[in-house]
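*Asks:* Predicted model and sequence below, questions to follow.
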Amino acid sequence: MRYFRLSLIIMSFVALAAFVIPAFAEANATSYETSCSSFSGHATTDREYAVVEAELHSNNELLVFKVVHAHADDFSFDVSFDKQPTGTLIDYYVYSSNSSGTWDSQNYFGVTLECRPESHGNSGGNGPIAGNLLDGRINKSPDVDVAAPIAIYQDKDKNVTVYAIDPATGNGTQVLNWTWSAISGQGVPSGANLVLADITTNGLRIVFSRLTSGELQVNVYGAGNPYLVAWPPDNPDGLYHPTG
């Protein structure tokens, strides 16, 4: 199911030189809590049914799929699944549906969270995590990447594409596109990090580097505090935010 959704997103990127971050509409999780074995909360939908779903982020293995009779301004959901190891990334979705659970590509809520033994989430009622984190980018932490000045994509062949995000419109413009062949052809530097690209666009300075560890790093300056991300190219889910 998720592969079908991703293919729709990919086709949209091919068709457009610049993309518009998708907006969430008639299915929103207004509050939610999760642990390593459950997902519960409140949501809204304008449809008669909604689907609550959880799956492993690493390989899209479905953990739970539940059709909820909803059609209410605020309905409750509570689903459980086999307990997962601490630290597992789990994708959660709530989306408008018909009675068979058919996915509505325009009306859904989704968030990726790290499994913790204790319950955590957004029980304060501050609204759902921004949907831009679900478009396939690798910098997608709901804690620090919601308003990121760039979106970074790495495909299965380890090719890297970076979009600069217009904070006023949410639109993205491609600013970097490096194939893995070009990156690996530079080798892993020793002694000092290797700058692969250093560009300035719309007031942002974006520096793309290969680190002596073999990791890739993007630094962005000019959008308030410096925005730094690094990740091992063999494991983009291992992306982190350096502090220096």
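*Replies:* Structure received.

*Asks:* Enumerate every residue touching residue 232.
*Replies:* 214, 215, 216, 238 (C-beta atoms under 8 Å, 6 or more residues apart in numbering). Using the backbone N, CA and C atoms, a C-beta is placed for each residue, glycine as well.

*Asks:* er, residue 36 I mean
*Replies:* Contacts of residue 36 (C-beta under 8 Å, 6+ apart): 83, 84, 85, 86, 88, 115, 116, 117.

*Asks:* Which one of these sits in the busiest neighbourhood?
*Replies:* residue 115 (19 neighbours; other C-beta atoms under 10 Å).

*Asks:* Distance-wise, check it relative to residue 89.
*Replies:* 7 Å (C-beta to C-beta, to the nearest Å).

*Asks:* Likewise for residue 222?
*Replies:* 31 Å.

*Asks:* got it, and residue 206?
*Replies:* Counting by C-beta to C-beta - residue 206 and residue 89 are separated by 26 Å.

*Asks:* next one: residue 76
*Replies:* 25 Å.

*Asks:* quick revisit: just among the contacts of residue 232, which is most surrounded?
*Replies:* Neighbour max across those (other C-beta under 10 Å) = residue 216, 23 neighbours.

*Asks:* about what we covered before: the more surrounded of residue 206 and residue 89?
*Replies:* residue 206 (21 against 14).

*Asks:* domain assignment for the chain?
*Replies:* 22-129, 137-238 (automatic domain parsing).

*Asks:* And these, which one averages the lowest pLDDT?
*Replies:* Among the domains of the chain, domain 22-129 carries the lowest mean pLDDT, at a mean of 75.

*Asks:* picking that back up, would JSON lines of the contacts of residue 36 with distance to residue 170 and secondary structure be doable?
*Replies:* Listed next are the contacts of residue 36 as JSON lines, based on distance: C-beta to C-beta, whole Å; DSSP: H, G, I helix; E, B strand; the rest coil:
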{"residue": "83", "distance to residue 170": "37", "secondary structure": "coil"}
{"residue": "84", "distance to residue 170": "32", "secondary structure": "coil"}
{"residue": "85", "distance to residue 170": "35", "secondary structure": "coil"}
{"residue": "86", "distance to residue 170": "34", "secondary structure": "coil"}
{"residue": "88", "distance to residue 170": "30", "secondary structure": "coil"}
{"residue": "115", "distance to residue 170": "29", "secondary structure": "coil"}
{"residue": "116", "distance to residue 170": "30", "secondary structure": "coil"}
{"residue": "117", "distance to residue 170": "35", "secondary structure": "coil"}
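
*Asks:* Please identify which of those residues is nearest to residue 188.
*Replies:* Residue 188 lies nearest to residue 88 out of these, by C-beta to C-beta, at 29.6 Å.

*Asks:* Secondary structure element holding the residue of the chain most remote from its centre?
*Replies:* Most distant from the centre of the chain: residue 191, at 33.2 Å, with distances by C-alpha atoms, centre = their mean. Of the helices and strands defined by DSSP states H and E, none includes residue 191.

*Asks:* Who does the nearest residue to residue 61 once chain neighbours are set aside form a beta bridge with?
*Replies:* Sequence neighbours aside, residue 55 is the residue nearest to residue 61 in space, at 6.0 Å (criterion: C-beta to C-beta, 6 or more residues apart in numbering). With DSSP bridges as the criterion, residue 55 is bridged to residue 62, residue 91.

*Asks:* hang on, residue 55 packs against residue 79?
*Replies:* No - assessed by C-beta atoms under 8 Å, residue 55 is found out of contact with residue 79, at 11.8 Å.

*Asks:* Surely residue 36 forms part of a strand?
*Replies:* No - using DSSP: H, G, I helix; E, B strand; the rest coil, the assignment for residue 36 is coil, not a strand.

*Asks:* mind saving the C-alpha coords of stretch 66-79 as CSV?
*Replies:* Presented in CSV, the C-alpha positions along stretch 66-79 are these (Å, rounded to 0.1, in the frame of the first residue of the first chain):
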residue,chain,number,x,y,z
LYS,A,66,-8.2,-0.8,11.5
VAL,A,67,-11.3,0.7,9.8
VAL,A,68,-13.1,3.0,12.2
HIS,A,69,-16.7,4.1,11.8
ALA,A,70,-16.3,7.8,12.3
HIS,A,71,-18.0,10.7,10.4
ALA,A,72,-17.6,12.9,13.4
ASP,A,73,-15.8,16.1,14.3
ASP,A,74,-13.9,14.2,16.9
PHE,A,75,-13.6,10.5,17.2
SER,A,76,-11.4,8.3,19.3
PHE,A,77,-9.1,5.5,18.2
ASP,A,78,-7.1,2.9,20.0
VAL,A,79,-5.1,0.2,18.3
